[in-house]
Structures are given as C-alpha cells and as structure tokens.
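# turn this into a model:
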Amino acid sequence: MKIETKLAKFTKPLYLESGRILEPWQIMYETYGELNEDKSNVILVTHALSGSHHAAGMYEGDRKPGWWDGLIGDAKAIDTSKYFVIATNVIGSCFGSTGPMSPIYPGSDERYRLKFPVITIKDMVKAQKILLDSLGIKKLKAVIGGSMGGMQALRLAVDYPGFAEYIIPIATTYQTKPYVIAINRAMMEAIRADKEFKNGNYPPGADLKGLAAARMIGYLNYISPSTFEKKFGREYVKTDGMFELFGRFQVESYLEYNGANFPKWFDALSYIYLLKAISLFDISRGFNSLEDAFKQISDKMFLISFSGDTLFFPQEMRDIKKYMDKVGGRCQYFEIDSDYGHDSFLVEIDKFDFLIRDILKGDKDAGF
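Below is the predicted model:
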C-alpha cells in the first residue's frame with residue numbers, strides 16, 4: 001500500500017460558521033493507494049475526537065499502525081488496491097492542521113491559544129471540501145467516519161449533496177444530546193482546573209494532569225460497564241494495599257495509565273476546542289427543522305451503530321433513519337450486536353468490515 005503524508009497550505013481566508021476567519025490556514029492529510037485517471041476512486045475517511053490523519057499503515061519507529069489500519073489497506077474492506085483514500089486531520093486538532101497552538105502568523109512565536117476561534121463540524125467539513133477541490137476531486141466514492149468522524153460524514157451529506165456516492169456514518173448522532181454535552185463540559189473543566197493550564201498559556205508539550213483526568217472521564221463513556229466488568233472485575237493491584245487510601249483496583253490502574261499517557265501525544269487546548277465542536281453539533285442548524293436538513297441529502301446513506309454504545313446510543317441513529325424515510329431519502333440502517341461500548345468502531349472492526357466492503361461494491365444498493 002502506497003502511503004503519503006502531505007501538508008496543504010491555503011492563503012485565502014476560511015470563513016467560519018461563527019463569522020470569524022482563519023487566514024492563512026493549513027490541513028495535514030495522508031493518502032493511501034493510487035488516484036485513478038478520472039479521479040473517481042476517492043474515499044474520504046474522517047476521524048474522531050483524538051484521531052488524526054494517520055489512519056492506516058506505520059511510520060518508521062511506530063509501535064502501532066494508524067487508528068483504522070484493520071479497515072484500510074490492500075485487500076481490506078477499504079481496499080487501497082482499488083481506492084484512493086484520503087484521511088485529513090481536522091482544523092482545531094494538533095497533528096499539523098491549523099489549531100489553537102498554531103502560530104497566529106507564519107514564522108511568529110505567538111500562538112493562537114485561547115484567541116483561536118470556536119470551530120464547528122461544519123467548519124471542518126468546509127475545510128476538507130476546499131482541500132478536495134484543490135486536488136481536482138469533483139466527487140467522492142464514499143465518506144466514512146465514526147463518532148465525530150460520523151458527524152463530519154453527515155455534515156458533508158447535508159452541505160454538499162451529490163458530492164459522495166455513499167455516506168457511511170458510524171456510531172454517531174445527528175444532534176449532540178445533553179448527556180454528552182455534560183460529559184464534555186466535565187472534561188473541559190478538569191483541564192481548566194489544572195493550575196498548570198494557566199488559562200491556556202502552558203508551554204507546548206506540558207504534562208497536564210487535568211488533561212489526564214479529562215481523558216479518564218472520557219473512558220467511562222467510550223467503554224461500556226459490561227466491558228469494564230469483563231476486563232477487570234474487582235481485581236486489586238497486587239502491589240497496593242487493600243486499605244491504603246489511594247490503593248487501586250485494576251480498573252483504576254488502567255484509567256491512570258491511559259490518562260497519564262494522553263498528554264504526551266495530545267494537546268489540551270485542541271481537546272477543549274474539539275469537545276466544544278462536538279457539543280455544538282446539530283445537523284439542523286441553519287435550517288427550519290431537522291426534516292429540512294435531511295431533505296438536502298441526495299446520496300445513498302448507510303448508518304452503522306453498535307447495540308452497546310453508551311455515548312451515542314443506537315436510538316439516535318435509528319432516528320436518522322426515520323427522518324430519512326420521512327423525507328424519502330435513500331438510507332439503510334445496520335445495528336451491530338456488541339457490548340464493548342462506543343469504541344467498538346475502533347476495536348471491533350471484524351464485526352462490520354464486511355458491511356463496508358459490500359456497500360462499496362454496490363451489493364447493498366438493492367435495498368433502496
């Protein structure tokens with residue numbers, strides 16, 4: 001599989017949903033496979049909250065491959081011997097695209113930090129569309145993404161109808177619910193409460209305990225209670241005393257480990273800005289109703305949810321199907337039997353990769 005990592009820089013302003021602009025701005029992206037002559041084999045892969053453009057393959061020195069490596073590659077469900085796959089890092093993130101820790105001006109030592117504008121899912125998709133236009137890509141074979149990536153897939157379907165043959169949102173929602181908004185706020189406040197956060201003026205690469213705590217909060221909703229039970233039960237860390245105040249159960253040790261590692265590779269301000277984008281997500285904003293928003297979708301849409309998802313519940317994706325049926329849209333819904341939790345779309349690829357393969361081959365078109 002051919003892999004290339006590229007940086008696209010733009011000098012024309014990016015007009016944001018908030019009314020503010022980014023100028024100049026850039027997107028980091030990665031491509032897999034070969035673009036065919038008429039540029040008709042392009043699949044856009046969109047990432048979740050802590051994801052990046054590195055969706056598949058391995059760089060030299062990597063300990064593990066990209067976050068969707070089980071799905072993307074030669075002879076895999078997203079077959080890079082057939083398709084040219086583009087994975088972008090969203091604006092607001094911290095892996096090369098313009099974000100809160102980017103210089104305000106090229107070559108400047110001053111960074112945006114809290115001066116960075118609030119970014120929405122609509123802004124992320126607009127930036128991606130500008131990138132695709134710059135590459136001469138007039139139409140996508142498909143757009144595929146899970147969680148926040150699924151929000152991007154839905155947004156693209158509404159804002160650019162007819163641009164993608166297949167829309168495949170996974171483990172997502174059409175409108176972020178109060179429960180998730182509350183979780184996101186708790187994570188944001190954990191970061192802000194860290195005295196080393198310094199109102200966003202921490203040094204790059206700072207080991208922020210508040211960000212670690214926020215990630216621990218997140219894990220409580222990415223993995224289901226039954227998975228915690230199966231993985232850890234009530235086992236206690238053997239080297240800790242049962243009656244030590246801060247002695248740990250195995251599940252606590254797991255959360256501490258993952259929390260402590262997170263600040264080593266993700267930026268706190270980017271985390272806050274992306275959480276805000278997720279909380280703000282509402283596919284109907286700018287329309288009179290949800291129905292009016294879903295009426296815009298002209299492409300074939302395939303929804304994939306997981307029965308044990310306790311962040312974006314399956315009912316939310318069933319609701320999308322109901323809206324699409326009501327407005328006469330072409331939509332199919334698949335619910336995967338799983339009790340792992342929200343992160344099933346990352347760790348249980350074998351439960352749905354065959355669906356992706358069949359959709360891309362056109363085998364599911366007969367369902368419309």
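
# find the nearest non-adjacent residue to Asp292, please.
Once its chain neighbours are removed from consideration, Asp292 has its nearest residue in Ser284; the separation is 7.2 Å (CB to CB, 6 or more residues apart in numbering). Heads up, the C-betas are built off the backbone N, CA and C, glycines and all.

# can you name the farthest residue from the center of this protein?
What lies farthest from the middle of the chain is Phe243; by CA atoms, centre = their mean that is 40.7 Å.

# can you give me the distance of that one to Val251?
For Phe243, the distance to Val251 (CB to CB, to the nearest Å) stands at 18 Å.

# check Ala366 too.
Using CB to CB, one gets 45 Å for the distance from Ala366 to Val251.

# so between the two, which is more surrounded?
For the pair Ala366 and Val251, the greater number of neighbours falls to Val251 (19 against 6), based on other CB atoms under 10 Å.

# for the more buried one, give me phi and psi.
Recorded main-chain torsions at Val251 are phi -70, psi -30, according to degrees, to the nearest 10.

# just the one 5 residues further on next, same as before
Here is the backbone geometry of Glu256 (degrees, to the nearest 10): phi -60, psi -40.

# so it makes contact with Met216?
Yes. Under the criterion of CB atoms under 8 Å, Glu256 lies in contact with Met216, with a separation of 7.4 Å.

# between these two, who's got more neighbours?
Comparing Glu256 with Met216 by neighbour count (other CB under 10 Å), the higher total belongs to Met216, at 20 against 15.

# closest to the centroid, which residue in the chain?
Ala48 (1.4 Å).

# for the residue lying closest to that residue once chain neighbours are set aside, grab the count of nearby residues.
Computed as CB to CB, 6+ apart, the closest residue to Ala48 that is not its neighbour in sequence is Ser147, at 3.9 Å. Per other CB under 10 Å, the neighbour tally for Ser147 reads 27.

# any low-confidence regions in the stretch 251-368 of the chain?
Counting by pLDDT under 70, not a single residue of the stretch 251-368 of the chain qualifies.

# rewinding a little: surely the residue nearest to Asp292 and Ile320 touch.
No. Taking contacts as CB under 8 Å, Ser284 lies outside contact range of Ile320: 11.7 Å.

# mind listing the shared neighbours of those two?
With contacts defined as CB atoms under 8 Å, 6 or more residues apart in numbering, the residues adjacent to both Ser284 and Ile320 are Tyr174.

# what pLDDT does Asp207 get?
pLDDT for Asp207: 89.

# do I have it right that it meets Trp265?
No. The criterion here is CB under 8 Å, and Asp207 misses it with Trp265 at 11.4 Å.

# got the domain boundaries for the chain?
Here the domain assignment for the chain is 3-175+283-367, 180-277, based on automatic domain parsing.

# if you compare these, which one is most tucked away?
domain 3-175+283-367 (a mean of 19; mean count of other CB atoms under 10 Å).

# straight-line length of it, end to end?
Using CA to CA, to the nearest Å, the end-to-end distance of domain 3-175+283-367 comes to 34 Å.

# equivalent analysis for stretch 200-214, please.
15 Å.

# what's that stretch in contact with?
Identification of contacts with stretch 200-214 by CB under 8 Å, 6+ apart yields 100-101, 113-114, 186-188, 190-194, 196-197, 259-260, 262-264, 266-269, 271.

# who touches the residue nearest to Thr98 when sequence neighbours are not counted in this structure?
The shortest distance from Thr98 to any residue other than its chain neighbours is 4.2 Å, reached at Trp25 (CB to CB, 6+ apart). For Trp25, the set of contacting residues under the criterion of CB under 8 Å, 6+ apart consists of 9-10, 14, 91, 98, 127.

# Throw the residues you listed into CSV and include secondary structure, pLDDT and distance to Ile43, thanks.
Below are the contacts of Trp25 laid out as CSV (DSSP: H, G, I helix; E, B strand; the rest coil; pLDDT from 0 to 100; distance: CB to CB, whole Å):
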residue, secondary structure, pLDDT, distance to Ile43
Lys9, strand, 97, 24
Phe10, strand, 97, 23
Leu14, strand, 98, 24
Ile91, coil, 98, 20
Thr98, coil, 98, 24
Ala127, helix, 98, 18
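
# which residue is the nearest non-sequential neighbour of Lys321?
The shortest distance from Lys321 to any residue other than its chain neighbours is 4.2 Å, reached at Tyr333 (CB to CB, 6+ apart).
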